[in-house]
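> Got a predicted structure here, sequence first:
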Amino acid sequence: MSDEFTLDMLDIPSGWRRGEGDWTGVAAAMARGETVEVIQEVGSTLWQNSLPEKHSLYWEGENLSTIKARIWISFTQRRFSPESALPKVQWHPRVLWIGIGCERGTGRELIETAIKQVCRAYHLAESAIAGIATIDTKAGEVGLLELCEARNWPLKTFAADILSSVEVPNPSNIVVKQVGTPSVAEAAALCAIAQISCTILNNRQDACEAKSESACGVGILPARERLLVPKQIFRNKNPPLSQGGVRAGSAVTVAVAVCPIEYLEYLG
């Protein structure tokens, strides 16, 4: 077994983010040529094609009796016990799209807090977030733009007629009257993953017929599983006043969808 193969030599896609874990411990196990288990739940598997002939990686279920370290590849935020004798690390491919609906003038802080609370409640890694999706009339929302710029998240917007064509679990007649579609957050999140999938797989950007079980021909996850988090509503009972004395928006709706393909800036 080669003692030159290390964790840093893995040809991990540039869009992946390092999560929590004992990186030093896993790297040491690999350098010693010890068995390292890989559990990959999402993201491209092309990196496996560049592994050297002699490596110590094994996939889930293989050679379990001799595992000395573990690599998780997922969108889940795991908490590893510091007392564990088995070093573990996490890679987070950017596969989560956050659908946002918000009142006019909603500030960055409320939007960011809502996203953090959803991620915490559903054990989602913030570093697995690919970007934000919403209705096109929110393209100029300062709070959204500030957040996306600060976190280096793309902002994808969709017209009301596109959003209204998407089947969602929680449509709202009130939202229809306000913006012309029964869903913003849930539909926008689903549209974002459909667009990304079509752009990469079919070189198409005219996506978003998400009513079918295989939206845009992707067919990797059924519709009910693509929407990880149905819409969650967050309110600020005491929104701050703007410089002009106008009360800022006080409500944010968040939904989360998972894309079968990670987001890469040069393709997205």
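Everything's here; your move.
> pretty sure Pro260 contacts Ser197?
Yes - contact criterion CB atoms under 8 Å: Pro260 and Ser197 qualify, at 6.4 Å. The C-beta positions use only the backbone N, C-alpha and C, and glycine is treated the same way.
> neighbour count winner among these two?
Shown here are Pro260 and Ser197; by other CB atoms under 10 Å, Ser197 has more neighbours (24 against 18).
> secondary structure class for the more buried one?
helix (DSSP: H, G, I helix; E, B strand; the rest coil).
> Same check on Glu149?
Once three-state DSSP is applied, Glu149 turns out helix.
> Quick check: the gap between it and Ile162.
25 Å (CB to CB, to the nearest Å).
> my guess is Met30 meets Tyr58, correct?
No - counting by CB under 8 Å, Met30 stays clear of Tyr58, with 11.6 Å between them.
> who's more crowded, those two?
Met30 (24 against 15).
> List the residues that contact Trp91.
12, 16-19, 43, 71-73 (CB atoms under 8 Å, 6 or more residues apart in numbering).
> can you put the residues you listed in CSV and add distance to Ala139?
Compiled in CSV, the contacts of Trp91 are given as follows (distance: CB to CB, whole Å):
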residue, distance to Ala139
Ile12, 33
Trp16, 28
Arg17, 26
Arg18, 32
Gly19, 31
Gly43, 29
Ile71, 39
Trp72, 36
Ile73, 33
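> Pick the one among those residues closest to Asn49.
Ile12 (12.6 Å; CB to CB).
> Skipping its backbone neighbours, what lies nearest the closest one in space?
Once flanking residues are discounted, Ile12 sits nearest to Trp47: 5.7 Å by CB to CB, 6 or more residues apart in numbering.
> low-confidence ranges in the stretch 51-200 of the chain?
For the stretch 51-200 of the chain, the stretches with pLDDT under 70 are 62-65, 198-200.
> quick one, strands of it?
Using DSSP state E, counting those that start in this stretch, the strands of the stretch 51-200 of the chain run over 57-59, 67-73, 88-92, 96-102, 129-135, 155-158.
> which of those strands sits most buried?
strand 96-102 (a mean of 28; mean count of other CB atoms under 10 Å).
> Adjacent strands (with direction) for that one?
Strand 96-102 pairs in its sheet with strand 129-135 (parallel), strand 251-258 (antiparallel), by DSSP bridges.
> Of all residues in this protein, which one is nearest the centre?
For the chain, Leu96 is the residue whose C-alpha lies nearest the centre (CA atoms, centre = their mean; 1.5 Å).
> That one contacts Ala257, doesn't it?
Yes - using CB under 8 Å, Leu96 is in contact with Ala257, at 7.5 Å.
> Got phi/psi on Arg18?
With angles defined as degrees, to the nearest 10, Arg18 sits at phi -70, psi 130.
> List the residues that contact it.
89-92, 127.
> Give me the distance between stretch 185-195 and the centre of its chain.
12 Å (CA atoms, centre = their mean, to the nearest Å).
> Make residue 1 into 729 and carry on from there
Yes, from this point I'll number from 729; that puts the last item at stretch 913-923.
> Can I get that stretch as PDB, trimmed to CA atoms?
Taking Å, rounded to 0.1, in the frame of the first residue of the first chain, the C-alpha atoms of stretch 913-923 are listed here in PDB:
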ATOM      1  CA  ALA A 913     -40.700  29.400  -1.800                       C
ATOM      2  CA  GLU A 914     -41.500  25.800  -2.500                       C
ATOM      3  CA  ALA A 915     -42.000  26.300  -6.300                       C
ATOM      4  CA  ALA A 916     -38.800  28.500  -6.600                       C
ATOM      5  CA  ALA A 917     -36.700  25.900  -4.800                       C
ATOM      6  CA  LEU A 918     -38.000  23.100  -7.100                       C
ATOM      7  CA  CYS A 919     -37.500  25.300 -10.200                       C
ATOM      8  CA  ALA A 920     -33.900  26.000  -9.200                       C
ATOM      9  CA  ILE A 921     -32.900  22.400  -9.000                       C
ATOM     10  CA  ALA A 922     -34.700  21.600 -12.300                       C
ATOM     11  CA  GLN A 923     -32.900  24.400 -14.000                       C
END
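> list residues touching both of Met758 and Tyr786?
Common neighbours of Met758 and Tyr786, counting by CB under 8 Å, 6+ apart, are Val764.
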